[in-house]
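S.K.: The following block contains a protein sequence and its predicted model.
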Amino acid sequence: GMPQVTPEMSAQMSEMMKDPEMMKNMTSMMKNMDPEMLKQFGITDKAQIEKATEMMEKMTPEQMQRMMTMASYGQRFYNTYRTNSLVRYGIWGAIAAISWYLFGGMVTRLLVPKSLLPSHGASQAAKGGAAPPPPP
């Protein structure tokens, strides 16, 4: 999976990213990594590395800092999700509830016979019930 990143490592990395010379060194190091090393980071495609280094070269130090901050938030969320079952099941419960809210009507129409669904004014008028008043 993902390598474990401690807050100290993250702070050290963000300090390194502030230095433009260090950023250049890091991008050149990424370009020259051997395929075995890349597989440890979960990267199998060489073109993917070239694209990433090209993007890193174009980034300003502020953009790089923002990216590092977002990565640290992502790492913290992942660790919380992985270790805290209440968070994990809460997220899946929220996804289920939102999905039911959005798609529940369609699912109900598919699964429940029409005779059990509530009928509305238009269908009652056709059956001989009281017709709704005509529009003004």
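M.R.: Yep, that arrived.
S.K.: How far away from the center of its chain is the helix ranked longest in the chain?
M.R.: Assignment by DSSP state H gives helix 85-111 as the longest helix of the chain. Chain-centre distance of helix 85-111: 17 Å, with Cα atoms, centre = their mean, to the nearest Å.
S.K.: likewise stretch 58-75?
M.R.: Using Cα atoms, centre = their mean, the offset of stretch 58-75 from its chain centre is 17 Å.
S.K.: Equivalent analysis for stretch 99-119, please.
M.R.: Mean-position distance between stretch 99-119 and its chain equals 29 Å (Cα atoms, centre = their mean).
S.K.: Pull out the buried positions in it.
M.R.: Going by neighbour count (16 or more other Cβ atoms under 10 Å), nothing in stretch 99-119 comes out as buried. (Each C-beta comes from the backbone N, C-alpha and C, glycine too.)
S.K.: Report the mean confidence score over that stretch.
M.R.: What stretch 99-119 shows for mean pLDDT is 85.
S.K.: Need the contact partners of that stretch.
M.R.: By Cβ atoms under 8 Å, 6 or more residues apart in numbering, no surrounding residue is in contact with stretch 99-119.
S.K.: Give me the residue at the spatial middle of the chain.
M.R.: Residue closest to the average C-alpha location in the chain (Cα atoms, centre = their mean): Gly74, at 9.8 Å.
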